[in-house]
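S.K.: sequence and predicted structure below; questions after.
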Amino acid sequence: MKEIAFDAFYQLYQNDQLSLVDVREVDEFEALHLEGAQNLPLSQLADTYDQLDKDQLHYVICKSGMRSARACQFLSEQGYEVINVQGGMMAFERTVNIRISPTWFGLGRRILFLDNSHF
C-alpha cells in the first residue's frame, strides 16, 4: 500500500487540487475536516466506493491513519489508485496551528487559522 507522510501530503494539498476521501464517521467529519474532502465512512465504504472516479488518484484520510489504511486496502482491491495519509487528522491538528470555534447557530465547527484566514 502506498502511503504519504502528513507533512508531504499537506504541501500537495495546499498547492494542488487533490481528490481527498475522508473515511471517518459523519459526526467526526462534521466536527472537523479538510475543505474539499469527500466523506465516505469506512463503515459504509463497501456500499459507497463506486462514487469515486477509478481514473483518479485518491488520498485517503481518517483520524490517525488506521481506518484509512483499511480503506486503501479495500479500494486497491477494487482497482482504485489510493494513497494513505499517515497520521490523519490528528497530524493535521498537530501540524497546523488552529483553534476550533462553534459556527453560527451551533451547526458544527469551523477552522480558524491563527493567521486569521479560514475555510
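M.R.: Arrived safely. Numbering: from 1, shown residues only.
S.K.: other residues contacting stretch 88-96?
M.R.: The list of residues contacting stretch 88-96 from outside it, by C-beta atoms under 8 Å, 6 or more residues apart in numbering, reads 6-7, 10, 24, 32-34, 61-65, 68, 85, 87, 113. C-beta coordinates here come from the backbone N, C-alpha and C atoms, glycine included.
S.K.: in ChimeraX, select just the buried ones from those residues.
M.R.: Selecting only the buried members of the contacts of stretch 88-96 in ChimeraX, with burial defined as 16 or more other C-beta atoms under 10 Å, works like this:
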select :6,10,24,32,33,34,61,62,63,65,68,85,87
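S.K.: mind checking the SS state of Asn84?
M.R.: Put simply, Asn84 is strand when judged by DSSP: H, G, I helix; E, B strand; the rest coil.
S.K.: check contacts around it.
M.R.: Remark: with contacts taken as C-beta under 8 Å, 6+ apart, Asn84 is in contact with 1-4, 60, 65, 68-69, 72.
S.K.: return the set of residues that bridge with it.
M.R.: When bridges are called by DSSP bridges, Asn84 pairs up with Glu3, Val60.
S.K.: Gln51 is in contact with Leu40, isn't it?
M.R.: Yes. Taking C-beta atoms under 8 Å as the contact criterion, Gln51 and Leu40 are neighbours in contact, 6.8 Å apart.
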